[in-house]
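Chemist: need a 3D model of the following:
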Amino acid sequence: MGVFSALTTAVTGMQAQSYALENISGNIANSRTAGFKRVDTSFSDLVPDSALNRQIAGSVASYSRATNTIQGDLNATRIDTNAAINGDGFFVVDQRQSGVGASTQFANTNLYTRRGDFDFDADGYLVNGAGYYLKGQKIDPVTGQVIGSQPDVLRITKDQFPAKATTQIEYSANIPAYPKTNSAVSTTPGSELLNAGTGFGTNPGTTASGGTGTVIGTDLTTFLNRSIPGGSVTVYDTLGKATSVELRWAKVSNATTTPAPGTPDTWNLFIAENTGATGATVAYRNVNVDVTFDNTGKMTFPVNGNITIPPMTIGGNAISPATAPISIVTNGTSLTQNGDTSGQIDARSIRQNGYTAGTLDRVSISNEGQVIGTFSNGQVVALAQIAVARFNAGNALKRLDGGAFEETIESGAPIVGLGTAALIGGNVEQSNTDIADEFSKMIVTQQAYSANTKVISTAQEMLRDVFNIIR
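Modeler: Predicted structure coming up:
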């Protein structure tokens, strides 16, 4: 009985080592497969029920042990749509069933993978090398809001990014307390001022001061000699048409101490409407606001620091309509009046929030898992949020072809979100197989297999001896 048990036990040992060798061979075969997770082998002894002093070692059974949560090395590919998860988690993917383009039908099941060699197919879907389609949530490129609550197969099309009309110009500059205009003479007090009531055929001052708020062609030279340039910026209308806006400042009064409380340093801002104007045609338009500064150089009016550009037409293009006027935003702090030996405006920054229409030029993936689109109009916006799922028991997922996994009862439900992990764009996670380790295990497995064959040979010899007794 013992000899026959030794034979069967040795057979289970050979079967267990064969099973281990099969896993080792699979690991070695996939040592260069992106996102592959090696399968280790664990052994369990099977002990028959017997009296305490008659227990034997028993036979052996082999089982697979997953390494889904062990990360492989990250390899830079320089492909913007490739991504690797640095940390815990899996990409959520789906499988194609039928159809093409916008009519493509998917299985509508969530599968999970660490294989991140995604790239665009002809229809704008992000597909990895095993044919799985990346899932996530679309983001409205205009509002930046995530669309929907459940991940869906991502499709990034090269639709035109709509134009946005300019509504704000962020203006940061220092205006010199003494502007060195062409008419300014240091020995002549007030020569640096606009003096709107002198030398002009039509008073260009604000309407509140009795002026017309415009500079006409016949007064253009006088105006240019009594003002200084404040910079220029390109603005856009709702169709994305570009218009260059030129700013020019003129000081209209200096601060006085009497009569109390006195008048502050006051400036008027003008916008070029037609720099080639002649006769009574408007050349510059006053924004019709008295911009004032106190003796520390801080803007005191407008109180909120915003200057609204009136509706006007520049080069045939209407800008700043009454329904959506353009505001020059200074926040009351970015526009100052301090001494400057140059006597010119130091325009540190002039930025606006509009842009023309554009087409998608490039797509990349951020550390937060957002698909970022770079458009031909210079806009960089988030287009989608990649879905990443984590599991409490990631090693209990069921393996599928192509490095994909399926949720099981043992793995638990997916926890959506990156958690402490990060996505590394332009990288792909490699197999976590260690070739040297697999060869070492293969040698040990081979020796164990040979040892079991030796047990069978020995048991055979013992049985032959038994048969020889009866001869």
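Chemist: quick one, helices of the chain?
Modeler: In chain order, the chain shows helices spanning 2-29, 220-225, 435-469, with DSSP state H as the criterion.
Chemist: for the ones you listed, give me TSV that also has distance to I372.
Modeler: Where C-beta positions appear, they are placed from N, C-alpha and C, glycine not excepted. Output for the helices of the chain, formatted as TSV (distance: least, C-beta to C-beta, whole Å):
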stretch	distance to I372
helix 2-29	36
helix 220-225	45
helix 435-469	36
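Chemist: how about those, which one is nearest Q168?
Modeler: Comparing these against Q168 with C-beta to C-beta, the closest turns out to be helix 220-225 (26.8 Å).
Chemist: mind giving me the packing neighbours of the closest one?
Modeler: With contacts defined as 3 or more C-beta pairs under 8 Å, 6 or more residues apart in numbering; DSSP states H and E, helix 220-225 has these neighbours: strand 282-293.
Chemist: averaged pLDDT, stretch 408-419. What do you get?
Modeler: Over the span of stretch 408-419, the pLDDT mean works out to 93.
Chemist: offset the numbering so it begins at 547, please.
Modeler: Understood, numbering begins at 547; the last thing we discussed is stretch 954-965.
Chemist: what's the spacing between that stretch and its chain's center?
Modeler: Here stretch 954-965 is found 25 Å from its chain centre; the criterion is C-alpha atoms, centre = their mean, to the nearest Å.
Chemist: which residue ranges form the strands in the stretch 797-946 of the chain?
Modeler: Using DSSP state E, counting those that start in this stretch, the strands of the stretch 797-946 of the chain run over 811-818, 828-839, 845-847, 852-854, 858-860, 863-865, 873-875, 881-884, 892-898, 906-911, 916-921, 926-932, 934-936, 944-946.
Chemist: can I get those in TSV including mean neighbour count, mean pLDDT and distance to I774?
Modeler: Output for these, formatted as TSV (neighbours: other C-beta atoms under 10 Å; pLDDT from 0 to 100; distance: least, C-beta to C-beta, whole Å):
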stretch	mean neighbour count	mean pLDDT	distance to I774
strand 811-818	22	95	10
strand 828-839	22	95	13
strand 845-847	18	92	17
strand 852-854	16	93	17
strand 858-860	18	92	20
strand 863-865	17	91	23
strand 873-875	22	94	17
strand 881-884	21	93	12
strand 892-898	15	93	11
strand 906-911	17	92	39
strand 916-921	20	93	36
strand 926-932	19	93	35
strand 934-936	23	95	55
strand 944-946	14	95	71
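Chemist: distance to P725 added to those, as JSON lines?
Modeler: Output for those, formatted as JSON lines (distance: least, C-beta to C-beta, whole Å):
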{"stretch": "strand 811-818", "distance to P725": "9"}
{"stretch": "strand 828-839", "distance to P725": "13"}
{"stretch": "strand 845-847", "distance to P725": "16"}
{"stretch": "strand 852-854", "distance to P725": "18"}
{"stretch": "strand 858-860", "distance to P725": "24"}
{"stretch": "strand 863-865", "distance to P725": "26"}
{"stretch": "strand 873-875", "distance to P725": "19"}
{"stretch": "strand 881-884", "distance to P725": "10"}
{"stretch": "strand 892-898", "distance to P725": "12"}
{"stretch": "strand 906-911", "distance to P725": "43"}
{"stretch": "strand 916-921", "distance to P725": "40"}
{"stretch": "strand 926-932", "distance to P725": "39"}
{"stretch": "strand 934-936", "distance to P725": "58"}
{"stretch": "strand 944-946", "distance to P725": "74"}
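Chemist: out of these, nearest to N573?
Modeler: With C-beta to C-beta, the closest approach to N573 among the strands of the stretch 797-946 of the chain belongs to strand 944-946: 12.7 Å.
Chemist: then stretch 549-565 to PDB, C-alphas only?
Modeler: Written as PDB, here are the backbone C-alpha positions of stretch 549-565 (Å, rounded to 0.1, in the frame of the first residue of the first chain):
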ATOM      1  CA  VAL A 549       4.600   1.700  -2.400                       C
ATOM      2  CA  PHE A 550       1.500   2.400  -4.500                       C
ATOM      3  CA  SER A 551       0.900   5.600  -2.400                       C
ATOM      4  CA  ALA A 552       4.500   6.700  -3.200                       C
ATOM      5  CA  LEU A 553       3.800   6.200  -6.900                       C
ATOM      6  CA  THR A 554       0.600   8.300  -6.900                       C
ATOM      7  CA  THR A 555       2.300  11.000  -4.700                       C
ATOM      8  CA  ALA A 556       5.200  11.200  -7.100                       C
ATOM      9  CA  VAL A 557       2.800  11.600 -10.000                       C
ATOM     10  CA  THR A 558       1.100  14.600  -8.200                       C
ATOM     11  CA  GLY A 559       4.500  16.000  -7.700                       C
ATOM     12  CA  MET A 560       5.300  15.700 -11.400                       C
ATOM     13  CA  GLN A 561       2.000  17.300 -12.300                       C
ATOM     14  CA  ALA A 562       2.500  20.100  -9.800                       C
ATOM     15  CA  GLN A 563       6.000  20.800 -11.200                       C
ATOM     16  CA  SER A 564       4.600  20.600 -14.800                       C
ATOM     17  CA  TYR A 565       2.000  23.200 -13.800                       C
END
